[in-house]
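Trainee: sequence plus the predicted model coming up.
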Amino acid sequence: MGSSVRKGRAVQQAEPPRRAAKEDFHQVTQNTNNGRAITASRTEDSTKSSTKSKDAELILQIQSYIDKNTVVIFSNTTCSLSTEVKELFKSMKVPYFSLELDQTENGQKLQEALYQLTLETSVPVVFVQQQQIGDYSKTLKAHEEGKLQKLLEMNGPNHLQESYDYDLIVIGGGSGGLAAAKEAVKYDKKVMVLDYVTPTPLGTSWGLGGTCVNVGCIPKKLMHQAALLGQALKDSRKFGWQFTEEVKHSWETMTEAVQNYIGSLNWGYRVALRDNKVTYENAYGEFVGPHTIKATNAKGKEKLYTAEKFIIATGERPRYLNIPGDKEYCISSDDLFSLPYCPGKTLVVGASYVALECAGFLAGIGLDVTVMVRSILLRGFDQEMANKIGEYMEEHGIKFIKQFVPTKVEQIEEGTPGKLKVIAKSTTGSQTIEGEYNTVLLAVGRDACTRKIGLDKVGVKINKISGKIPANDEEQTNVPYIYAIGDVLEDKLELTPVAIQAGRLLTQRLYAGATLKCDYVNVPTTVFTPMEYGACGFSEERALEKFGEDNIEVYHSFFWPLEWTVPGRDNNKCYAKIICNIQDNKRVIGFHVLGPNAGEVTQGFAAAIKCGLTKEQLDSTIGIHPVCAEIFTTLSVTKRSGGNIIQSGC
Ligand code: FAD
Ligand code: NA7
């Protein structure tokens, strides 16, 4: 027996979904004998119009699955008849969308709505070409009588042959792509992931897992930790530790340890894909036609695959300057974390978070580091915080060359590292300067990997300037069967957890009947500069711009971490700031912290901000003493007041 929907229940009065089309009604009544026209049932029911809007919403949700898919099976994972019906369509090589009601958010309610719509009392309930076929036995009968086949041929004589190799192909096995693929197999989908790393101009490449694992968050944070440990060693003497050995840092030891860890993650991802029965190909994916992709492996061997749906998750790669010597002699963050030799005296070009984080940890392990800044630090971030980060870095030995851009890089000496001459020109005048460095690290932005993946062949639009892919709030591109997630998306945050969340939720919407969309608002982030910076919500300048000065109250304070007092480390450098919307009950709309463990601190407050945190609630929260985060429970000085925020102790 199929699982019960709601036996013997009287037809309910659901409001007719607005999308009900009259032609559907004619078509259904003409083409099916036993299948009830769903629009008919809706039309009859609509007269009894005491229906709640919630029911109508659920019916609309069901209707949208029916509208969007050629074959829809409303099913239940534990129901053997549902499984048999799915096998039937598989044997006909016809792709189908199945909504597993027992795995679906609101499953029970959807079952009831399904009953109202179809009068079928048990799952499976099948629709083909938007027409109701019915339950298990009606579907089998329609198949025996050739009616299913006839309906499926409505799209053209070749329709039956048009079965896809996969339900879903994900292009790009990074943060977003892997999350989406692993989620999709949970719903019985046949999934393939293509991942291929095009080597850098210097030949660096890496394994499965994308930017974050190989050349992003993970090695960056581990190397930041190496730098913090250097500081901790210095502090430890003041806490009584005595050591006589010469303290020096080995780049090779650090890099090898970091790369070994990354290797274990790469392996873990491969095993996870295998265990989850996701087909993985280490090949470059490129659309060659509708629903069709060409996969080219490192040996140049090409294969074609088809899929019903695609997710583009190809991420971004570092940009170059297009000046003489950049690709020949400079490195990017894609090379840095596995550089087999210590980079030595380094020029970092760029002033966004990748540039400042790399400059920070290189200086932290004892290297001579200069940052060349074209305009401002950390564009897009709160500028007061950005400048405080810059000041702290400068006070801790990092040099800044401001308002200059490189125009040429020449090799003076070969070697590991060799020696390079950098010629740069002022952005404000005609002045030219030169400098010698062992390594030049370019961190001047990243370009979306979208221009060489055949998007023109399938009609997916990109932003011509940025290369980013515009998508609706369901990550769907202008081509309905192609979706995009992660760093390739236009106007979205470029962060690993964002890509993962978007990937998971997208797959749940595609295959599990979920409706939840990725919320890109109030996403917390942290910049791992020597003085860490955590932020969530509006920067001060954006808040002022949006709400106006009179409607914004900024509370702030310096603080001195207890751990920094004994070693006599900088007082009045760590800084806390919240931005409140006066018009909205002083809701906290911006959170900013400069200090140790800023990421750990920010994560918790981000949850509170998601819940609508107000200043009053912060004030009534009792702090944990003695920790840095407690400062946020005692903020009392407003910026407007100009009050004293200097701290002399804890
Ligand atoms: P990616 O992870 O970049 O994955 C894309 C994958 O697709 C790659 O493996 C790529 O090689 C592959 N690919 C590309 N084209 C094709 C093709 N045609 N066929 C097959 N495969 C293809 N985020 C944070 O949240 N926290 C941090 O601390 C942080 N630090 C960072 C530090 C650095 C130095 C950098 C560069 C980034 C950092 N990020 C951080 C950002 C984070 O890494 C990205 O937001 C995240 O990796 C994006 O995931 P994605 O799935 O969109 O793309
Ligand atoms: P961003 O955020 O795009 O920043 C690029 C930085 O490089 C920024 O400071 C730019 O200065 C600077 N830049 C850009 N072009 C040049 C040239 N020609 N010369 C000198 N400086 C230049 O890039 P990131 O790499 O830091 O980070 C990108 C994403 O990667 C990030 O969101 C993470 O998800 C990972 P500007 O302010 O424009 O003057």
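Mentor: Received the coordinates, thanks. Ligands and ions are numbered 1, 2, ... in the order given.
Trainee: ok, now which ones touch the closest residue to ligand 1 within the stretch 251-400 of the chain?
Mentor: In the stretch 251-400 of the chain, the residue found nearest to ligand 1 is residue 315; the distance is 2.3 Å by C-beta to the nearest ligand atom. Yep, even glycine has a C-beta here, placed from its N, CA and C like the rest. Residue 315 makes contact with 172, 174, 176, 210-211, 448-449, 486-488 under the criterion C-beta atoms under 8 Å, 6 or more residues apart in numbering.
Trainee: cool, and residue 417?
Mentor: For residue 417, the contact set (C-beta under 8 Å, 6+ apart) comprises 341-344, 438-439.
Trainee: for my notes, confirm it occurs in a helix.
Mentor: No: counting by DSSP: H, G, I helix; E, B strand; the rest coil, residue 417 is not found in a helix; it is coil.
Trainee: what's the spatially closest residue to it that is not a sequence neighbour sitting at in phi/psi?
Mentor: Distances taken as C-beta to C-beta, 6 or more residues apart in numbering put residue 438 closest to residue 417, at 3.7 Å, once the chain neighbours are dropped. In terms of degrees, to the nearest 10, the main-chain angles of residue 438 are phi -80, psi -40.
Trainee: residue 438 and residue 346 touch, don't they?
Mentor: Yes: in this structure, residue 438 sits in contact with residue 346. The criterion is C-beta atoms under 8 Å, and the distance is 6.7 Å.
Trainee: more neighbours, these two?
Mentor: The residue with more neighbours, out of residue 438 and residue 346, is residue 346; 23 against 20, by other C-beta atoms under 10 Å.
Trainee: distance of the closest residue to that one other than its chain neighbours from residue 336?
Mentor: In this structure, residue 346 finds its nearest non-sequential neighbour in residue 439, 4.5 Å apart by C-beta to C-beta, 6+ apart. Note on residue 439: its distance to residue 336, by C-beta to C-beta, to the nearest Å, is 9 Å.
Trainee: tell me where the stretch 151-300 of the chain has strands.
Mentor: Using DSSP state E, counting those that start in this stretch, the strands of the stretch 151-300 of the chain run over residues 166-171, 191-194, 279-281, 283-289, 292-297.
Trainee: before we move on, back to that, and the pLDDT for the residue nearest to residue 346?
Mentor: Among the per-residue scores, residue 439 holds a pLDDT of 98.
Trainee: and it, what is it in contact with?
Mentor: Residues in contact with residue 439, defined by C-beta under 8 Å, 6+ apart, are 331, 343-347, 417, 420.
Trainee: what's the farthest-apart pair in those?
Mentor: Of all pairs drawn from the contacts of residue 439, the one with the largest separation by C-beta to C-beta is 331 and 345; the distance is 13.6 Å.
Trainee: who touches the residue of the stretch 251-400 of the chain found nearest ligand 2 in this structure?
Mentor: Minimum separation of the stretch 251-400 of the chain from ligand 2 (C-beta to the nearest ligand atom) falls at residue 352, amounting to 2.8 Å. Contacts of residue 352 were listed using C-beta under 8 Å, 6+ apart, and they are 378-380, 443, 445.
Trainee: could you pick out the buried ones from these?
Mentor: By neighbour count, with 16 or more other C-beta atoms under 10 Å, the contacts of residue 352 hold 378, 443 as buried.
Trainee: closest one of the contacts of residue 352 to residue 579?
Mentor: residue 380 (15.8 Å).
Trainee: what kind of secondary structure is that closest one in?
Mentor: Secondary structure assignment for residue 380 (three-state DSSP): coil.
Trainee: just the pLDDT for the residue of the stretch 251-400 of the chain closest to ligand 2.
Mentor: The model's pLDDT for residue 352 equals 93.
Trainee: and what of the one 10 residues further on?
Mentor: Reported pLDDT at residue 362 in the predicted model: 98.
Trainee: number the residues from 118 up from this point.
Mentor: With 118 as the first residue, the last one maps to residue 479.
Trainee: in space, what's closest to it - neighbours in sequence excluded?
Mentor: Among residues not flanking residue 479 along the chain, residue 486 sits closest, at 5.0 Å (C-beta to C-beta, 6+ apart).
Trainee: partners of the one you found in the sheet?
Mentor: Here residue 486 sits in beta bridges with residue 463, as judged by DSSP bridges.
Trainee: what about it, how many residues nearby?
Mentor: Residues near residue 486, counting by other C-beta under 10 Å, number 26.
Trainee: quick check: it touching residue 476?
Mentor: Yes: using C-beta under 8 Å as the test, residue 486 is close enough to residue 476 to be in contact (5.1 Å).
Trainee: so what sits against both of those two?
Mentor: With contacts defined as C-beta under 8 Å, 6+ apart, the residues shared by residue 486 and residue 476 are 463, 465, 515.
Trainee: want to throw the residues you listed into TSV with pLDDT?
Mentor: Below are the shared contacts of residue 486 and residue 476 laid out as TSV (pLDDT from 0 to 100):
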residue	pLDDT
463	98
465	99
515	98
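Trainee: residues from the chain in reach of ligand 2?
Mentor: Within reach of ligand 2 by C-beta under 6 Å from any ligand atom, the chain has these residues: 438, 466-472, 491-493, 496, 522, 560-563, 611.
Trainee: are any of the residues you listed buried, and which?
Mentor: Burial by neighbour count, 16+ other C-beta under 10 Å: within the residues of the chain next to ligand 2 this picks out 438, 466-472, 493, 522, 560-561, 563, 611.
Trainee: who does the residue lying closest to residue 405 once chain neighbours are set aside bridge with?
Mentor: If you skip the residues right next to it in sequence, residue 405 has residue 411 as its closest partner in space, 4.7 Å away by C-beta to C-beta, 6+ apart. Partner residues in beta bridges with residue 411: residue 403, residue 421, with DSSP bridges as the criterion.
Trainee: just give me the neighbour total for residue 411.
Mentor: As a burial measure, the neighbour count of residue 411 was computed by other C-beta under 10 Å and equals 19.
Trainee: so what pLDDT did residue 269 get?
Mentor: Reported pLDDT at residue 269 in the predicted model: 76.
Trainee: returning to what we had before: out of the strands of the stretch 268-417 of the chain, flag the one nearest residue 245.
Mentor: strand 283-288 (17.3 Å).
Trainee: so what strands line up beside the closest one?
Mentor: Here strand 283-288 has these sheet partners by DSSP bridges: strand 308-311 (parallel), strand 419-429 (parallel).
Trainee: just name the most buried of those strands.
Mentor: Of all the strands paired with strand 283-288, strand 308-311 carries the top mean neighbour count, a mean of 26, counting by mean count of other C-beta atoms under 10 Å.
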